[in-house]
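**Q** What follows is a predicted protein model with its sequence.
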Amino acid sequence: MGNFQEVVRAKSKLRMALTGVSGAGKTLGALYIAFGLTGDWSKIAVIDTEHERARMYANRTDLETGKFLYCPLYPPYTAERYTALVKEAAGVVGPDGVVIVDSFSHAWNNEGGILDVKDRIAAQQGKNSYTAWNEAGKVQNSLVNTILAVDCHTIVTMRSKMEYVMQENERGKTQPVKVGLAPVQRDDTEYEFDIVLDIARSHIATASKDVTFLDKYGEIITPELGRQLKAWLDDGVDPAQLLGEKPITKEQWIALSKPYKELPEVLKAAYEALGYRGPTEIRQKDIEAIKAKAAEFEAAGGAPYA
C-alpha cells in the first residue's frame, strides 16, 4: 500500500464569495442561495457589518424571504470578533445550515481590520512594514481558515471598488488607468473560495471563479441556484467515509505504539499483516484492526516470524 489511492469525489460544503458594488444585491443574493441550500430560513445565520441593512430583507412577502438568524457586528471589526461569531453561528445552524458574512470587506479596511493591525504593528519599536505585513497576514489567514473550516455552508460578501494600474501613455507619461472592479479585501482572497460570483449593478451575477457548473452563469440570483448547488455538493461519498483513508497522525501513532514500547516487533508484524510497509502508510480506518492483530500476536507469544 502506498500514499496514492484512486480518487473519489466527496460531498462538500459551499464556500462562496459574492462581490459587487453598492446596491448590486449581494445580501439578498446570499439569502436566496442560502434558502435554496437549506429550504429552511431558521438554518441561515447572518453576521451583518453593513449598519444592520440585512434586517431590511427579513420576512418580506414581496421578496419571499423569511425569518433568518441574525447578529449585527459593530466596530471594531477585528479578526477575533469575526472568528468568534462565525464559530457561534456555525454551531447554531448545524451542518446543513448556512453562515453568511455580510460583509467580509470590513475585516480588511475598516476600523480594527487587518490594515489597522498592520499599521499598529509597524508603529512598534523594532518593527517595519515587512514584518508588520507578515504578522498581519497570519491574522488574516487564520480568519479565512476559520470561515473555510466550519462544519456548515459559508457565503461571504465583499464590496467592489474600481481598480487602477499605472500605465505609460502615448506621450511617455505614467498615468492611472481603470482596469475594472476588484473586491475590497486582500488581493488573493478570491483564491480561497470555490465559487466567486461578481454581481453587476443590473443584479446579473457572473462567475469569475468556479469549480462547479457555473462557469457560464449569467443570471439574477434566485433560490433555484441554491437548490442546484445543493444537488451538486451532495453528489459524492460521505466525508466521514474518507476520513478513514487519511494517514494516522503523529499523536495516533504514539498512542498506538505506546503499549508495545518493549515489543516493537509485535506492532510491526501487526501492521505488516494488514499490508502496510511502515507507520507513515497506516490509514486511520485500520487502527483498531492493527490493535487487535498486535494483541493476537502478543497472546500467541510474539511476532510470527518465519
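**A** Nice, thanks for sending it over.

**Q** what's the helix or strand hosting Ile47 in contact with?
**A** According to DSSP states H and E, Ile47 maps onto strand 44-48. If you take Cβ atoms under 8 Å, 6 or more residues apart in numbering as the criterion, strand 44-48 is touched by 27, 30-31, 34-35, 38, 54-55, 68-73, 82, 85-86, 89-90, 92-93, 97-102. (Each C-beta comes from the backbone N, C-alpha and C, glycine too.)

**Q** ok, whichever helix or strand comes after it: who's next to it in the sheet?
**A** Downstream of strand 44-48, the first helix or strand assigned by DSSP H and E is strand 69-72. Sheet pairing of strand 69-72 (DSSP bridges) gives strand 44-48 (parallel).

**Q** Leaving out the residues flanking it, which one is nearest to Glu192?
**A** Val144 (5.3 Å; Cβ to Cβ, 6 or more residues apart in numbering).

**Q** What does the pLDDT read for the one you found?
**A** With respect to pLDDT, Val144 has a value of 96.

**Q** And for Gly236?
**A** 86.

**Q** need the helix or strand of this protein with the lowest average pLDDT.
**A** strand 174-183 (a mean of 63; mean pLDDT, DSSP states H and E).

**Q** Buried residues in the helix or strand following it, which are they?
**A** Heading C-terminal from strand 174-183, the first helix or strand you meet, by DSSP H and E, is strand 195-199. Applying a neighbour-count criterion of 16 or more other Cβ atoms under 10 Å, one finds 195-199 buried in strand 195-199.

**Q** now swap in stretch 245-265 and tell me
**A** 248, 253, 256, 260.

**Q** Off-centre distance for it?
**A** Centroid separation between stretch 245-265 and its chain, computed with Cα atoms, centre = their mean, to the nearest Å, is 31 Å.

**Q** next one: stretch 23-39
**A** 18 Å.

**Q** What of stretch 217-225?
**A** So, by Cα atoms, centre = their mean, the centroid of stretch 217-225 is 22 Å from its chain's centroid.

**Q** Just the CA trace of it, in PDB.
**A** Extracted C-alpha coordinates of stretch 217-225, given in PDB (Å, rounded to 0.1, in the frame of the first residue of the first chain):
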ATOM      1  CA  TYR A 217     -23.700  31.500 -15.400                       C
ATOM      2  CA  GLY A 218     -25.200  34.900 -16.100                       C
ATOM      3  CA  GLU A 219     -28.500  35.400 -14.300                       C
ATOM      4  CA  ILE A 220     -30.200  37.200 -11.400                       C
ATOM      5  CA  ILE A 221     -29.800  35.000  -8.300                       C
ATOM      6  CA  THR A 222     -32.800  33.200  -7.100                       C
ATOM      7  CA  PRO A 223     -33.300  30.300  -4.600                       C
ATOM      8  CA  GLU A 224     -33.100  27.900  -7.500                       C
ATOM      9  CA  LEU A 225     -29.400  28.500  -7.700                       C
END
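
**Q** What lies in contact with stretch 22-31?
**A** 18-20, 44, 46, 50, 53-54, 57, 63, 65, 68, 100, 102-103, 155, 157-160, 197, 199-201, 203, 205, 220-221.

**Q** quick check: mean pLDDT across it?
**A** Rounded mean pLDDT across stretch 22-31 is 95.

**Q** how long is it end to end?
**A** 16 Å (Cα to Cα, to the nearest Å).

**Q** Spell out the residue ranges of the strands in the stretch 151-300 of the chain.
**A** 153-168, 174-183, 195-199, 204-210, 218-220 (DSSP state E, counting those that start in this stretch).

**Q** List the residues that contact Lys127.
**A** Ile121.

**Q** in the stretch 51-200 of the chain, what spans have low per-residue confidence?
**A** 162-166, 169, 175-180 (pLDDT under 70).

**Q** Which of the buried residues of stretch 245-265 fall in helices?
**A** 253, 256 (DSSP state H).

**Q** do you know how far Glu50 is from Leu267?
**A** 57 Å (Cβ to Cβ, to the nearest Å).
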